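K.L.:
this one's sequence-less:
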């Protein structure tokens, strides 16, 4: 178009003719070319067909290659995956080999934990436990870590038992706090269970202490047991309050129950041990130690004074009744075998020996000395000695509530002894002896024995009884008149005295002023009996 616009009008008019001529020329040349180059065109067509066939074959080969490529790609990907799978364990193995010392330490963690617990290295064991717990927190899905932690936890029960066994003995506060802190870090027990376990361990410690004291066979065994029990309970209460309550005066129900249970157990133990004690001084020492123990435990709720009073009363009453009743029985047996015919002959010697006895006070206060005339009748002297010995044992620990009961037992013993003395027959007095003189002497000896009973033995024991039990406003607790009223033969020989007169022997020591709970002397010499 640009060329046509550039032509002038003249040339534009002749241009169509020029174009027709040019087209004819071109058409002629083409025809000539077709005719002359026909083989060439056929060869080209055949070549194009060959090329097209080759292209189609190549296309088919390419499609086959593409299928093979897909198969190879799939196989290659599978091979790569298999290689990766084999490389991952290899890499893990190489990593494990690089970390072999650390892994070995981890695998030895359960055995190390068990060794620390068995050797009571509790701080190191708790550090290992904390490390195992941190591993579980950091690596929650690793089976090996879970298994190691479970193996470590198996040692915790042994550690708890070890800690509790350490608590079952006398401990300073610092060590007890450390052990309880270990129990809290183990996390096997809550706070209430720890408190209860501590008291149970201390109960074992108290029982072990009592068994250790019980192995001692000395006379101070019971007082030592009281002291040991008091110290153990007060130490336990102090530790419990310091560790769990934070105050030396605080109390809670668990601690109160523990103290009551231990006090009840000790009361039963004390009753069993006291039942085997026969000596009055030992009984008094044991009761005094137990009373001090009860007073000391009062501020922690362990005052067992009422129980102690019941135990003491029962023991003292049984011992006194046994001794006094045995004295009465022995007196009856002694009268049956006693030779009354020779009593008068031996009485003068006995009185002479009694006159030489030095009556000295042993520093214990006023002493009520028995009449030396009792030595004229040895069975009666033995009977009075037994009563006085029982009173001496009784005065050291007798409760005031036992006064009526003791009075009744003593009166029964004297009534029984008096009846035995009144029941002596003529044959018993030696009336069947060869000489009438011996029979008369035996009768006088019996009358003298009754006189000694009514005028010396009974008044002296009554005086000693008043020294122990009577107050300034109440005297004459032992009812002499009631005793003698049941024994007519003895009542007939009673001599009337002035109120100030006392039935003491001329050879006895000086009179001693009355005082409460002062010792009473026994008849200290006995003639030989046949």
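P.N.:
On my side now, so go ahead. This one's a predicted model, so the numbers in the text were calculated from it and none came from an experiment.

K.L.:
where does the protein dip in pLDDT?
P.N.:
1, 4-5, 7, 247-250, 341-368, 425-438, 470-477, 486, 488-530 (pLDDT under 70).

K.L.:
what about the longest helix in it?
P.N.:
Ranked by residue count and defined by DSSP state H, the top helix of the chain is helix 38-98.

K.L.:
Pull the contacting residues for residue 417.
P.N.:
327-328, 331-332, 383, 453 (C-beta atoms under 8 Å, 6 or more residues apart in numbering). The way it works is simple: take the backbone N, C-alpha and C, and place the C-beta from them, glycine included.

K.L.:
ok now the helix or strand hosting it, how far from the chain's centre?
P.N.:
Assigned by DSSP states H and E, residue 417 belongs to helix 403-422. Averaging C-alpha positions (C-alpha atoms, centre = their mean, to the nearest Å) puts helix 403-422 48 Å from its chain's average.

K.L.:
Show me what the helix or strand where residue 152 lies packs onto, helices and strands only.
P.N.:
Using DSSP H and E, residue 152 sits in helix 143-167. Judged by 3 or more C-beta pairs under 8 Å, 6 or more residues apart in numbering; DSSP states H and E, the packing partners of helix 143-167 are helix 100-107, helix 109-118, helix 122-138, helix 173-186, helix 191-214.

K.L.:
Give the buried residues for the fourth one.
P.N.:
Residues 176, 179-180, 182-183, 186 are the ones in helix 173-186 that count as buried (16 or more other C-beta atoms under 10 Å).

K.L.:
The first one now?
P.N.:
Judged by neighbour count (16+ other C-beta under 10 Å), helix 100-107 contains no buried residues.

K.L.:
which residues sit against it?
P.N.:
Against helix 100-107 from outside (C-beta under 8 Å, 6+ apart): 96, 135, 144, 148.

K.L.:
Could you measure from the first one over to residue 406?
P.N.:
Just to be clear, that refers to residue 96. The gap separating residue 96 from residue 406 is 91 Å, by C-beta to C-beta, to the nearest Å.

K.L.:
Can you flag the buried ones in the contacts of helix 100-107?
P.N.:
Buried by 16+ other C-beta under 10 Å: 135, 148, out of the contacts of helix 100-107.

K.L.:
Closest one of the contacts of helix 100-107 to residue 457?
P.N.:
residue 148 (89.9 Å; C-beta to C-beta).

K.L.:
any idea how far that closest one is from residue 93?
P.N.:
20 Å.

K.L.:
before we move on, what about residue 25?
P.N.:
89 Å.

K.L.:
Now do the same contact list for residue 245.
P.N.:
Going by C-beta under 8 Å, 6+ apart, residue 245 touches 251-252, 255.

K.L.:
nope, residue 479 is what I was after
P.N.:
Residues near residue 479 by C-beta under 8 Å, 6+ apart: 407, 411.

K.L.:
Any chance of the backbone angles for it?
P.N.:
phi -80, psi 90 (degrees, to the nearest 10).

K.L.:
so where do the strands sit in the stretch 301-450 of the chain?
P.N.:
Assigned by DSSP state E, counting those that start in this stretch, the stretch 301-450 of the chain shows no strands.
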